[in-house]
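# Any chance you could fold what I've pasted below:
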Amino acid sequence: MKARLHSTALAGHSARFDLLQSPVALLLITGTLIGFNFPLGKIAGDAGVSPLIWAFLISLGASTILLPLMAATGGLMLPGSRIWRYTVISSLVSFVAPNLLLFTVIPHAGAGYTGLLFALSPVFTLLLASLFHLKTPGRLGRTGIGIGLAGATLVSLTRGTQPDGPPIEWLLAALAIPVALAMGNVYRTLDWPEGTPPNILAFWGHAFSSVVFLLLLLLTRGGLPFAEIAPAAGAALIQMLVAGMTFPAFFRLQQQGGPVLLSQIGYVAAAVGLIAATVFLGERYSLMTWLGAGIIAMGIAVTIIAQRREE
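Down below sits the predicted model:
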């Protein structure tokens with residue numbers, strides 16, 4: 001009996017390990033977790049929490065939750081110059097700039113709509129990856145990206161032409177988010193320090209981002225106005241927990257799947273963000289917007305099939 005229980009426990013551990021080794025599983029896990037950022041960011045905006053503080057909470061949550069693991073594995077030793085370079089550049093391009101844009105735009109453009117613009121990041125990433133001669137998907141994978149783009153375009157057009165749709169300046173600001181994400185996706189693969197585990201890069205990246213956000217708060221606000229978080233304290237705790245679960249998987253997916261596959265978390269996040277904004281926040285979207293979301297889901301399915309064929 002004891003042997004059988006031991007065998008069952010080993011099988012469960014093996015299944016979890018296999019799950020974290022599968023790029024497709026990592027894609028779905030990471031995209032789903034990021035999808036919750038949109039409704040949580042909307043709650044924060046409605047409660048009057050500044051985008052800068054909310055972006056700081058994400059990086060603080062990711063680095064804090066990874067801290068015990070780093071302490072247990074010796075990852076808290078100060079890294080060398082090679083990892084520092086990667087940490088500084090990837091943090092500014094991948095986390096600081098996109099998160100500030102994201103949480104500034106959400107109160108004006110809506111959580112679901114802003115999330116759907118994440119779905120454009122695979123196209124920009126594919127273009128940049130091709131320019132730098134990185135691995136790109138085959139014909140079926142590119143078809144999946146094209147289907148997703150068609151769905152995202154339909155959603156953008158239907159949302160933008162509604163009477164209560166966001167003004168054009170916020171549409172353009174939202175469009176800068178996938179461009180910044182694509183730049184970060186490609187850089188992290190191009191300059192990945194050889195042999196460095198994903199958790200170390202995730203920890204130092206967000207620890208550095210936390211310091212940058214703190215300095216920006218001091219410079220722009222003259223202090224650390226953490227009292228702003230109080231009206232959205234519950235959402236803040238959930239946001240920090242979600243961030244802590246997201247980025248170990250995010251960097252593992254970057255390492256195993258490359259920038260173009262990683263970028264397709266935008267499709268998953270867009271669908272999750274739209275559904276969560278509708279269910280939890282009461283946002284309403286037209287039938288055509290939902291049709292666009294359905295087309296995005298088709299793009300996700302085709303991408304997964306393509307990835308499985310390439311594995």
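# quick one, strands of the protein?
In the chain, no strands are found when defined by DSSP state E.
# what comes up buried for the lengthiest helix in it?
In the chain, assigned by DSSP state H, the helix with the most residues is helix 233-263. Across helix 233-263, burial judged by 16 or more other CB atoms under 10 Å covers 235-236, 239-240, 242-263. Where you see a C-beta, it was placed from the backbone N, CA and C, and this is true even at glycine.
# do the same with stretch 291-303
292-293, 295-297, 299-300, 302-303.
# Show me which residues of stretch 214-222 are buried.
residue 217.
# State the mean pLDDT of that stretch.
Across stretch 214-222, the average pLDDT comes to 90.
# what bits of the chain have low per-residue confidence?
1-19, 110-113, 115-119, 156-166, 310-311 (pLDDT under 70).
# Give me the residue at the spatial middle of it.
Centroid check for the chain by CA atoms, centre = their mean gives residue 34 as the closest residue, at 4.6 Å.
# what about the closest residue to that residue other than its chain neighbours, distance to residue 221?
Of all residues not flanking residue 34 in the chain, residue 269 sits nearest, at 4.2 Å (CB to CB, 6 or more residues apart in numbering). Residue 269 is 29 Å from residue 221, where distance means CB to CB, to the nearest Å.
# How about residue 252?
35 Å.
# Break down the stretch 51-200 of the chain into its helices, ranges please.
51-73, 81-91, 97-109, 111-117, 121-131, 139-160, 168-190, 198-221 (DSSP state H, counting those that start in this stretch).
# Relative to residue 280, which of those is closest?
In terms of CB to CB, the element of the helices of the stretch 51-200 of the chain nearest to residue 280 is helix 111-117, at 9.3 Å.
# How about the contacts made by residue 29?
residue 249 (CB atoms under 8 Å, 6 or more residues apart in numbering).
# quick one, what contacts residue 101?
Going by CB under 8 Å, 6+ apart, the list of residues near residue 101 reads 173-174, 176-177, 180.
# Report the buried members of these.
Counted by 16+ other CB under 10 Å, the contacts of residue 101 give 173-174, 177, 180 as buried.
# In TSV: those residues, plus distance to residue 281.
Listed next are the buried ones among the contacts of residue 101 as TSV, based on distance: CB to CB, whole Å:
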residue	distance to residue 281
173	21
174	17
177	19
180	25
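# Is it possible to get the contacts of residue 101 out as JSON lines so that each row also shows distance to residue 204?
Conversion of the contacts of residue 101 to JSON lines gives the following (distance: CB to CB, whole Å):
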{"residue": "173", "distance to residue 204": "29"}
{"residue": "174", "distance to residue 204": "29"}
{"residue": "176", "distance to residue 204": "26"}
{"residue": "177", "distance to residue 204": "24"}
{"residue": "180", "distance to residue 204": "20"}
